[in-house]
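Asks: Here is a sequence with its predicted model. Questions after.
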Amino acid sequence: MNHANHFLGAAFFVVLLFASASHSSEYQGFGAETPGGSGQPVYRVTNLNDSGPGSLRDAVSRGNRYIVFDVGGEINLSSRIHVKGSYITIDGFTAPAPGITLKGWGLYMWGKDGAHNIIIRGIRVRNSGGDGLHVSKGAHDIVIDRSSVAFAGDGNIDITEGAYNVTVSRTILAEPAAGNKNMLIMYDSPRRITLHHNLFIKAESRSPQVQTDGFGTPATDTTVDMRNNVIWDWSGGYGTRLRYGPRVNVINNFYAANGGDARDALIVCPGPECDDSNPASAARVYAKGNISADGIDLDARGNESAPFPAAQVDTQDALTAACVVLSEAGVRPLDAIDQQYLAEVSLPPCGATSSNDPPPPSAAPNTPCPSSNLALCATASASSVWSSSYDAGKSNDSSGSTRWNSADGETAGAWLALDFGSPATFDTVVLSEAFNRITGYALQYWDGAGWRDIVSGTSIGDSKTHSFAPLTSQRVRFLVTRTISSASEGTPTIYEFEVYKNAPANPASSTSCLSSNLALCATALASSVWSSSYDAGKSNDGNGSTRWNSADGQTAGAWLALDFGSPTNFDTVVLSEAFDRITGYSLQYWDGAEWSNIVSGTTIGPRESFSFPVLTSQRVRLLVTSTISNGSTGTPTIYEFEVY
């Protein structure tokens, strides 16, 4: 029988084209551009046999296929499966429960077999006699996503011998058998490999080990971009080891020895942790934003001041990413093995914006602060300090000439916090910066479990006032997300960190407003302000020449609100805008639980009046949804916010 006719006549081979789709939104990193088998004929795996028609081994015997599974369960393999072709997707998520598990051997993708442009998703591999998944011999444009490999006789996943453009993401690599080797990236200068949001757990070595070869041939391109992974429990061995020639980014990963040797979390050669004194063992490593649950400064082990070029990966701080790993990595629903491994990982509370620091200790007295500047009664703490002359306390001493400065080299990720000793209510923060080094930041409060954003911005300058709806919290923090440089000249430095409660507890009297313009009796609040000359109160002062302006860089998402102090009836709002910057907005009222829309529009202009059925609410808000630009020229600005 003609081979082609045999396939076309069988029930397991359906000539059906999957709609072509871009994978750039689903996958990220160096391998993300591959289409895999998208748009190729579908091959249906109809049995769990080791080989033969309808088997997985037969499915990957040639290229140009989108492989789906009509069956679920374990495929017991007598030998490794070689993927022999290109433009293939192996989609384990199409299988019915309990999914697809390969046992005994794994999948090998070798360039010499024509393996390239391959996507593997939703596949478990257990107890392989060799590697669980192997990308080698020039294979390229490969994605391994949301999979799980455990107990491999050699490496769980190895990427070797000149492989390039590879992404391994949201995958669990656990407890390899012989030699405890989790992942090796080595031989013939493999390059452009992304590892993101993976869990490396219970392996005594290679989580991963990266080198160009055994001689130290210097890499000429990025070898590995490793970010947002969790490396957990390397027992008496080591976590990640980088040596002999590679260029590696190690960014925002979470390491925990879990009783092993914490010092060996990240080994960069040459270095005090490296057991190889050969000068050829040197690796070039950029390390930033990594957390050691054991208190080790892992970033200090990097030897590059700037990251190597890398493909786009949506990157979170290390703890947030670790929480993402626990919620997304592996084949969902998880089997009992992966459930056990994930249960072993213990993190601080998930949901914090950045938590490579414990909350600062409570030290301020539990008594009302006699100063309007609550910061003067608070205890200041910081991620680091340049020296004792620039400690955190210099930022809340009211001097104006002393300042906090982070440690040399700590730029993005640096923070400065105030602890009031007990919950305090505040609605205004004023920051004064030296040298204009900060180009991105977030102002945050502690909600009892994690840090939550109040407002974000791009620059501070000599003084910047932030006004917002009143918050009650024991702690407030200034987190730096970006500076002009990652070197000494980019370290953030703050003269004063001031905190105020400007609005009274009941922002307006519950008695009737004597003016027909109810706004004149209300308290104005805003997401941010350009400066004290453009604060929220300028929008309801009855003066048509003063105005509120949001902070530099805050465009879409900026808001301006009025609080009447008690529920008030109104049916008309009049807005007067400067410079015609707003191109989208919503007028909203507070319904007791959330903001609800009254009306939406695109432009306001010099004066726009809105009439609607009578509403009763304590608060009304203008929410900006789009402006003419994201820069300074797009910041919204309002002369008057009137309510009748």
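Replies: Happy to help now that I have it. Numbers count the residues shown, from 1 in each chain.
Asks: Please make it C-alpha for all contacts and neighbour counts, starting now.
Replies: OK.
Asks: okay, now the closest residue to Ala139 other than its chain neighbours: neighbour count?
Replies: In space, and not counting its chain neighbours, Ala139 is closest to Gly111: 3.8 Å by CA to CA, 6 or more residues apart in numbering. Other residues lying near Gly111 total 21 when counted by other CA atoms under 10 Å.
Asks: repeat for the one 3 residues further on
Replies: For Gly114, the count of nearby residues is 19 (other CA under 10 Å).
Asks: quick one: it and Gly85 touch, right?
Replies: Yes. Gly114 lies in contact with Gly85 (CA atoms under 8 Å); the separation is 4.8 Å.
Asks: State the distance from the spatially closest residue to Ser281 that is not a sequence neighbour to Asn303.
Replies: In space, not counting the residues next to it along the chain, Ser281 is nearest to Tyr244; the distance is 4.0 Å by CA to CA, 6+ apart. Shown here: Tyr244 relative to Asn303, a distance of 14 Å by CA to CA, to the nearest Å.
Asks: Who has more neighbours out of the two?
Replies: Applying other CA under 10 Å to Tyr244 and Asn303 shows that Tyr244 carries more neighbours, namely 27 against 14.
Asks: Could you check how far the more buried one is from Pro190?
Replies: In terms of CA to CA, Tyr244 sits 12 Å off from Pro190.
Asks: quick one: common contacting residues for these two?
Replies: Shared contacts of Tyr244 and Pro190, defined by CA atoms under 8 Å, 6 or more residues apart in numbering, are found at Thr212.
Asks: Tell me how many other residues surround Arg206.
Replies: Other residues near Arg206 number 24, with proximity taken as other CA under 10 Å.
Asks: from what I can see it touches Asn182, true?
Replies: Yes. In this structure, Arg206 is within contact of Asn182 by CA under 8 Å, at 5.1 Å.
Asks: isn't Ala256 right up against Asp294?
Replies: Yes. With contact taken as CA under 8 Å, Ala256 and Asp294 are classed as touching, separated by 6.3 Å.
Asks: More neighbours: which of these two?
Replies: Using other CA under 10 Å, the more surrounded residue of Ala256 and Asp294 is Ala256, with 25 against 15.
Asks: does the more buried one have beta-bridge partners, and which?
Replies: Beta-bridge partners recorded for Ala256 (DSSP bridges): Trp232.
Asks: wait, what's in contact with it?
Replies: Residues Ile231, Trp232, Asp233, Ala262, Ala265, Ser292, Ala293, Asp294 are the ones in contact with Ala256 under the rule CA under 8 Å, 6+ apart.
Asks: Give me the buried subset of those residues.
Replies: By the neighbour-count criterion of 16 or more other CA atoms under 10 Å, these include these buried positions: Ile231, Trp232, Asp233, Ala262, Ala265, Ser292, Ala293.
Asks: Switch the residues you listed over to a markdown table; also include pLDDT and distance to Leu107.
Replies: Listed next are these as a markdown table, based on pLDDT from 0 to 100; distance: CA to CA, whole Å:
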| residue | pLDDT | distance to Leu107 |
| --- | --- | --- |
| Ile231 | 97 | 24 |
| Trp232 | 95 | 25 |
| Asp233 | 94 | 26 |
| Ala262 | 86 | 33 |
| Ala265 | 94 | 29 |
| Ser292 | 90 | 33 |
| Ala293 | 88 | 34 |
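Asks: I'd like a version of those in TSV, one that adds distance to Ser467 as further columns.
Replies: Listed next are the buried ones among the contacts of Ala256 as TSV, based on distance: CA to CA, whole Å:
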residue	distance to Ser467
Ile231	40
Trp232	42
Asp233	45
Ala262	43
Ala265	43
Ser292	35
Ala293	35
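Asks: Can you tell me which of these is nearest Ser488?
Replies: Distance ranking of the buried ones among the contacts of Ala256 against Ser488, using CA to CA, places Ser292 first at 23.3 Å.
Asks: List phi and psi for the closest one.
Replies: The phi and psi torsions at Ser292 (degrees, to the nearest 10) take the values phi -110, psi 120.
Asks: Report the beta-bridge partners for it.
Replies: Under the criterion used (DSSP bridges), Ser292 bridges to Tyr255.
Asks: quick one, what contacts it?
Replies: Contacts were defined as CA under 8 Å, 6+ apart; by that measure Ser292 touches Phe254, Tyr255, Ala256, Ala265, Leu298.
Asks: separation between Ser38 and Arg227?
Replies: The spacing between Ser38 and Arg227, counted by CA to CA, is 27 Å.
Asks: Neighbour count: those two, which is higher?
Replies: For Ser38 versus Arg227, the count of surrounding residues by other CA under 10 Å is larger for Arg227: 28 against 23.
Asks: partners of that one in the sheet?
Replies: For Arg227, the beta-bridge assignment (DSSP bridges) gives partners His196, Ile251.
Asks: Surely it is in contact with His196?
Replies: Yes. Assessed by CA under 8 Å, Arg227 is found in contact with His196 at 5.1 Å.
Asks: Show me the residue at the heart of this protein, geometrically.
Replies: For the chain, the residue sitting closest to the mean C-alpha position, by CA atoms, centre = their mean, is Gln316 at 1.7 Å.
Asks: Secondary structure element holding that one?
Replies: Per DSSP states H and E, Gln316 falls between elements, in no helix or strand.
Asks: and it, what does it touch?
Replies: The neighbourhood of Gln316, defined by CA under 8 Å, 6+ apart, consists of Asn228, Asn252.
Asks: Please report how far it lies from Ser406.
Replies: With the distance defined as CA to CA, Gln316 ends up 21 Å from Ser406.
Asks: and what of Ala280?
Replies: Plainly put, Ala280 is 35 Å away from Ser406 if you go by CA to CA.
Asks: for Gly162, same thing?
Replies: Taken as CA to CA, the span from Gly162 to Ser406 is 41 Å.
Asks: Look at the two and report which has more neighbours.
Replies: Between Gly162 and Ser406, Ser406 has the larger neighbour count (other CA under 10 Å), namely 25 against 21.
Asks: where do the strands sit along the stretch 401-550 of the chain?
Replies: Assigned by DSSP state E, counting those that start in this stretch, the stretch 401-550 of the chain shows strands spanning 404-405, 415-433, 438-446, 451-457, 464-483, 493-500, 523-526, 548-549.
Asks: anything in contact with each of Ala256 and Asp294?
Replies: Taking CA under 8 Å, 6+ apart as the criterion, Ala256 and Asp294 both touch Ala262.
Asks: in terms of contact, does Arg284 touch Tyr244 like I think?
Replies: No. Assessed by CA under 8 Å, Arg284 is found out of contact with Tyr244, at 9.2 Å.
Asks: Just after the longest helix along the chain, pick out the following helix or strand.
Replies: Longest helix in the chain by number of residues (criterion: DSSP state H): helix 318-328. Next in sequence after helix 318-328, counting helices and strands by DSSP H and E, comes helix 336-344.
Asks: chain center to that next one: distance?
Replies: For helix 336-344, the distance from its own C-alpha centre to the chain's C-alpha centre is 23 Å (CA atoms, centre = their mean, to the nearest Å).
Asks: between that helix and helix 318-328, how many degrees?
Replies: For helix 336-344 and helix 318-328, the angle between their directions (axes from the mean of the first three to the mean of the last three CA atoms, to 10 degrees) works out to 150 degrees.
Asks: So which elements touch the helix or strand that comes right after helix 336-344?
Replies: Of the helices and strands lying after helix 336-344 in sequence (DSSP H and E), the nearest is strand 379-382. With contacts defined as 3 or more CA pairs under 8 Å, 6 or more residues apart in numbering; DSSP states H and E, strand 379-382 has these neighbours: strand 415-433.
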